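1. Fold the following for me, if possible:
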Amino acid sequence: MKKIAIIGCGSYMDAGYGCPGEWRCLKAAALGEGEFEEPSQVVAFVKCECPGRPTVPNMGMAMKLSEIKPDKVYLSTCMVKAKPECPNRKVEDLRAMLEEKFDVEVVEGTHDYH
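-> Model (predicted):
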């Protein structure tokens, strides 16, 4: 079973725009649906908070405290498909920073649930 970490958009989740929190991401990971190739074990869930500066350090702290390096990091669907887009950071830039810092594959999106 793959070990994965998820980063969700805190602003989107807190505002309740169709996702009351991380339950959709967790369901997709557990069942191997959406962007997950197989059922996966979530070892970290990090909430990106505006303006997003602590997101990469927070992911590093999550990995340090859990003592588990994830096989992949997933950027939540609410982060990747947000309309309007995040005014603070492009998804592609966050993906590149995470991949460079942690040498781990980053996947854009988690699920297809409506």
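
2. just the helices in this structure please.
-> Remark: helices assigned in the chain by DSSP state H are 10-15, 23-31, 55-66, 77-80, 91-102.

3. how about a markdown table for those helices, with mean neighbour count, mean pLDDT and distance to residue 47 added?
-> Every C-beta, even on glycine, is put in place using the N, C-alpha and C of the backbone. Converted to a markdown table, these look like this (neighbours: other CB atoms under 10 Å; pLDDT from 0 to 100; distance: least, CB to CB, whole Å):
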| stretch | mean neighbour count | mean pLDDT | distance to residue 47 |
| --- | --- | --- | --- |
| helix 10-15 | 17 | 81 | 4 |
| helix 23-31 | 19 | 92 | 11 |
| helix 55-66 | 16 | 94 | 8 |
| helix 77-80 | 24 | 90 | 10 |
| helix 91-102 | 15 | 96 | 13 |
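
4. how near is residue 6 to residue 87?
-> For residue 6, the distance to residue 87 (CB to CB, to the nearest Å) stands at 22 Å.

5. ok, the two, which is more surrounded?
-> residue 6 (25 against 9; other CB atoms under 10 Å).

6. could I get the helices of the chain as CSV with distance to residue 110?
-> CSV is the format used below for these (distance: least, CB to CB, whole Å):
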stretch, distance to residue 110
helix 10-15, 12
helix 23-31, 4
helix 55-66, 15
helix 77-80, 5
helix 91-102, 13
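
7. Residue 46 is nearest to which of the ones you listed?
-> Taking CB to CB, helix 55-66 is the member of those nearest to residue 46, at 5.0 Å.

8. contacts for that closest one?
-> 5, 7, 43-46, 48-49, 69-70, 73, 94, 97-98, 101-102 (CB atoms under 8 Å, 6 or more residues apart in numbering).

9. Could you rerun that using 10 Å?
-> By CB atoms under 10 Å, 6 or more residues apart in numbering, the surrounding residues in contact with helix 55-66 are 3, 5, 7, 10, 43-49, 54, 68-70, 73, 75, 79, 88-89, 94, 97-98, 100-102, 104, 106.

10. quick one: that helix to helix 91-102, angle?
-> Relative orientation of helix 55-66 versus helix 91-102 (axes from the mean of the first three to the mean of the last three CA atoms, to 10 degrees): 40 degrees.
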